[in-house]
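[1] Sequence and predicted structure are below.
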Number of protein chains: 2
Amino acid sequence: MIKKIDHIGIAVSNLEEAIKIYESLGLKVAETGEAKDQKVRVAMIPVGESKIELLEATSPDSVIAKFIEKRGEGIHHIAINVENIEEALKKAKDAGIKPIDEKPRIGAGGKKIAFLHPKSLKGVLLELVEG
Amino acid sequence: MIKKIDHIGIAVSNLEEAIKIYESLGLKVAETGEAKDQKVRVAMIPVGESKIELLEATSPDSVIAKFIEKRGEGIHHIAINVENIEEALKKAKDAGIKPIDEKPRIGAGGKKIAFLHPKSLKGVLLELVEG
């Protein structure tokens, strides 16, 4: 079962600059950190029950660096909260949606996550997050 | 004050196909309609307190048709709920964020809306929605 939008990931080239802009709208960063395996620095900005996740690459071979090179800064992915990620992933696969992660893996926040392929979802990179 | 993510707008080339895919994930369309001034057909899919808004162009000169022509299908904009749109728009302008709509206008759902320019927001087309 899908519970809510967990976060919206936004690829930016300069995290501090991006934070400044979003905070000028009245939002507030709750948490910053680094996901070394993903080669990104992250700032989480709560908006209601969801978050905006600003992502800056720490290396040119990070997926975020490649995304910006190809498409420019902007919205990178949507993450939705599911009750049971194995079930959600199976449901997606059964419906013919191509997963990027065949099995759930542990994401930056310690939660089980899995990405689904944008080719199967009308250009939307969708992340499933459990819990 | 920003209250929540109102919706995420997704540009698709075939609304029925897109609905089928998102419903296969366990989501459910709550409402469909047409915004004639925007030249789009719309399907709203609730996800927690927010919605996914699927957008199909009804004319080649619709902004959605132009977006798809340039970038392909995918996430088009984020809309956030604000308590007072005049106030939010002023705050954004004061911070140097360029508005697309100098003044709030009435959107498809009868609510006051205003778009902010992606050039000012790290590539993100942001819609303010009041109430």
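    That came through fine. Numbering: from 1, shown residues only, chains lettered A, B, ... in the order given.
[2] Doesn't residue A:66 lie inside a helix?
    Yes. Counting by DSSP: H, G, I helix; E, B strand; the rest coil, one finds residue A:66 located in a helix.
[3] any idea how far residue A:102 lies from residue A:86?
    11 Å (CB to CB, to the nearest Å). Bear in mind the C-beta positions are built from the backbone N, C-alpha and C, glycine included.
[4] more crowded one of those two?
    Legend: neighbour count by other CB atoms under 10 Å in any protein chain shown for residue A:102 and residue A:86, higher for residue A:86 (14 against 10).
[5] per-residue confidence averaged over the helix or strand that contains that one?
    Using DSSP states H and E, residue A:86 sits within helix A:85-94. For helix A:85-94, mean pLDDT is 96.
[6] Let's see it as PDB, backbone CA atoms only.
    C-alpha atoms of helix A:85-94 as PDB (Å, rounded to 0.1, in the frame of the first residue of the first chain):
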ATOM      1  CA  ILE A  85       8.600  -2.800  -0.300                       C
ATOM      2  CA  GLU A  86       9.000  -6.400  -1.400                       C
ATOM      3  CA  GLU A  87       5.300  -6.500  -2.100                       C
ATOM      4  CA  ALA A  88       5.300  -3.100  -3.900                       C
ATOM      5  CA  LEU A  89       8.300  -4.200  -6.000                       C
ATOM      6  CA  LYS A  90       6.700  -7.500  -7.000                       C
ATOM      7  CA  LYS A  91       3.400  -5.600  -7.900                       C
ATOM      8  CA  ALA A  92       5.400  -3.200 -10.100                       C
ATOM      9  CA  LYS A  93       7.300  -6.100 -11.800                       C
ATOM     10  CA  ASP A  94       4.100  -8.000 -12.300                       C
END
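[7] now for it, which elements pack on it?
    In this structure, helix A:85-94 packs against strand A:112-116, strand A:126-130, with contacts taken as 3 or more CB pairs under 8 Å, 6 or more residues apart in numbering or on different chains; DSSP states H and E.
[8] Other residues contacting the helix or strand following it?
    Sequence-wise, the next helix or strand downstream of helix A:85-94 (DSSP H and E) is strand A:105-106. For strand A:105-106, the surrounding residues in contact (CB atoms under 8 Å, 6 or more residues apart in numbering or on different chains) are A:112-114.
[9] please redo it, this time with the cut-off set to 6 Å
    Counting by CB atoms under 6 Å, 6 or more residues apart in numbering or on different chains, strand A:105-106 makes contact with no residue outside itself.
[10] Stretch A:108-123 now?
    Contacts of stretch A:108-123 (CB under 6 Å, 6+ apart): A:35, A:85, A:89, A:92, A:97-101, A:104, A:107, A:124-131, B:12, B:18, B:72-74.
[11] what's the spacing between that stretch and its chain's center?
    Remark: stretch A:108-123 is offset 8 Å from the chain centroid, using CA atoms, centre = their mean, to the nearest Å.
[12] buried residues in that stretch?
    Buried residues in stretch A:108-123, counted by 16 or more other CB atoms under 10 Å in any protein chain shown: A:108, A:112-116, A:118, A:120-123.
[13] Where does pLDDT dip in chain A?
    Scanning chain A for pLDDT under 70 picks out nothing.
[14] How about the residues of it by chain B?
    Residues of chain A found near chain B (CB under 6 Å from any CB of the partner chain) are A:2, A:4-5, A:10, A:12, A:18, A:24-26, A:47-50, A:72-75, A:92, A:95, A:122-124.
[15] what's the span of stretch A:92-108, first residue to last?
    23 Å (CA to CA, to the nearest Å).
[16] If you count neighbours, what's buried in that stretch?
    A:92, A:97, A:99, A:101, A:104, A:107-108.
[17] Nearest to chain B, out of those residues: which one, please.
    residue A:92 (6.0 Å; CB to the nearest CB).
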